[in-house]
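[1] compute the structure for the input listed below.
(one chain, ligands or ions: 1)
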Amino acid sequence: MTDHPTYETILTETPAPGVGVVRFNRPKALNALNAQMTGEAFTALEIFDRDPSIGCMILTGSDRAFAAGADIKEMHGKTAVDMFMGGDVTDWSRLTKIGKPIIAAVSGFALGGGCEIAMTCDMIVASETAAFGQPEINLGILPGAGGTQRMTRAIGKTLAMEVMLIDRRLTAEEALHYGLVNRVAPVETYFHEAVELAKKVAERSQVAIRLTKEAVNKAFETSLAEGLTYEKRLFYLLFGTEDKAEGMGAFVEKRQPVWKNR
Ligand code: DAK
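    Model prediction:
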């Protein structure tokens with residue numbers, strides 16, 4: 001059982017075995033991402049990440065808004081030096097250090113930092129009402145939490161330019177078509193779909209799952225040759241695990257594997 005501190009701006013739950021949910025909960029501000037809420041969300045994800053009973057996390061918001069971006073009212077008074085010197089407002093790199101897979105369950109607005117957080121997750125399940133956008137240009141800034149890089153890699157340069165230069169929002173169907181999201185479901189069922197997907201991740205060998213996430217992410221950081229070398233090293237490493245012996249043994253013996261996550 002995961003032991004969380006008391007949170008004020010997020011909710012946590014474990015709706016199914018192995019699945020930990022972190023929900024943004026500032027409904028009046030359409031889940032605008034202030035320092036407190038991102039800090040609490042990252043802390044909750046880190047706690048789930050350390051919990052051996054959790055195999056996959058879901059990051060979500062409300063049906064109306066996953067998150068309408070970073071909190072503009074909070075950023076309004078910040079200087080370049082404030083942002084450069086970091087602190088809670090800028091420390092979003094914590095999300096990239098989570099080892100277990102995270103699924104973003106997105107409905108309604110996923111704008112600015114909201115879209116960037118969803119794209120930093122490993123998979124995205126969207127509701128039919130989801131709208132993905134990077135409207136920072138309207139504020140005289142640009143996407144500063146990975147949007148120019150992750151969106152461009154996901155949907156290609158020309159459409160990414162349109163999204164960022166003129167605030168072109170992508171519907172859920174467009175996001176699916178261009179490969180930004182894994183699947184789209186009605187607003188009534190998208191969260192359930194995300195839980196079902198998370199259960200499939202959580203019931204597998206967590207050692208192999210974790211290293212697979214690491215290897216896929218490496219593809220964004222390195223050349224093909226270096227990535228292939230990295231992949232091979234993780235592949236050989238898995239041949240030293242009890243789960244590899246169990247997985248292959250179970251196949252040969254025609255039974256279901258029982259993972260030890262070792
Ligand atoms: N920040 C603060 N409050 C927000 C907000 C936001 N991003 N979005 C909505 N709200 C608040 C509104 O101010 C309003 O509050 P009250 O005025 O009632 O107190 C309430 O939510 C409801 O919003 P609306 O009345 O505007 O509702 P509508 O349905 O009419 O419009 C909307 C919904 C989502 C289209 C609209 O609210 C909107 O355009 N919101 C702003 C969207 C936006 O521009 N997002 C990008 C923000 S910039 C970084 C990390 C992150 C970032 C950068 C760097 N580092 C780690 C370096 C990210 C930057 C951004 O995301």
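
[2] mind checking the pLDDT average for stretch 160-172?
    Here the mean pLDDT over stretch 160-172 is 98, rounded to a whole number.

[3] quick check: end-to-end length of it?
    The distance separating the two terminal residues of stretch 160-172, taken as Cα to Cα, to the nearest Å, comes to 15 Å.

[4] give the buried residues for it.
    Counting neighbours by 16 or more other Cβ atoms under 10 Å, one finds that the buried residues in stretch 160-172 are Ala160, Val163, Met164, Arg168, Arg169, Leu170, Ala172. Where C-beta positions appear, they are placed from N, C-alpha and C, glycine not excepted.

[5] how about stretch 195-203?
    Residues of stretch 195-203 classed as buried: Val195, Leu197, Ala198, Lys199, Val201, Ala202, Glu203 (neighbour count, 16+ other Cβ under 10 Å).

[6] run the chain-centre distance for the helix or strand of the chain with the lowest mean pLDDT.
    Considering only helices and strands, the least confidently modelled element of the chain by mean pLDDT, DSSP states H and E is helix 80-85, at a mean of 87. Centroid displacement of helix 80-85 relative to its chain, using Cα atoms, centre = their mean, to the nearest Å, is 25 Å.

[7] just checking, next helix/strand downstream of that helix?
    Sequence order places strand 102-106 as the next helix or strand after helix 80-85, per DSSP states H and E.

[8] which residues are contacting that next one?
    45, 56-61, 66, 95, 110, 117-118, 121-127, 130, 132, 181, 190-191, 193-194, 197-198, 201 (Cβ atoms under 8 Å, 6 or more residues apart in numbering).

[9] the next helix or strand after it pairs with which strands?
    Read in the C-terminal direction, the helix or strand following strand 102-106 is strand 109-111, with elements assigned using DSSP H and E. According to DSSP bridges, strand 109-111 forms sheet pairs with strand 65-67 (parallel), strand 131-133 (parallel).

[10] for the ligand, find the nearest of those strands.
    Comparing the strands paired with strand 109-111 against the ligand with Cβ to the nearest ligand atom, the closest turns out to be strand 65-67 (6.9 Å).

[11] hmm, the closest one touching the ligand?
    No: looking at strand 65-67 against the ligand by Cβ under 6 Å from any ligand atom, there are no contacts, and the closest approach is 6.9 Å.

[12] state the mean pLDDT of that strand.
    Throughout strand 65-67, pLDDT has a mean value of 98.

[13] what about Thr96, how many neighbours?
    A count of nearby residues for Thr96, using other Cβ atoms under 10 Å, gives 9.

[14] I appreciate the help and will end here.
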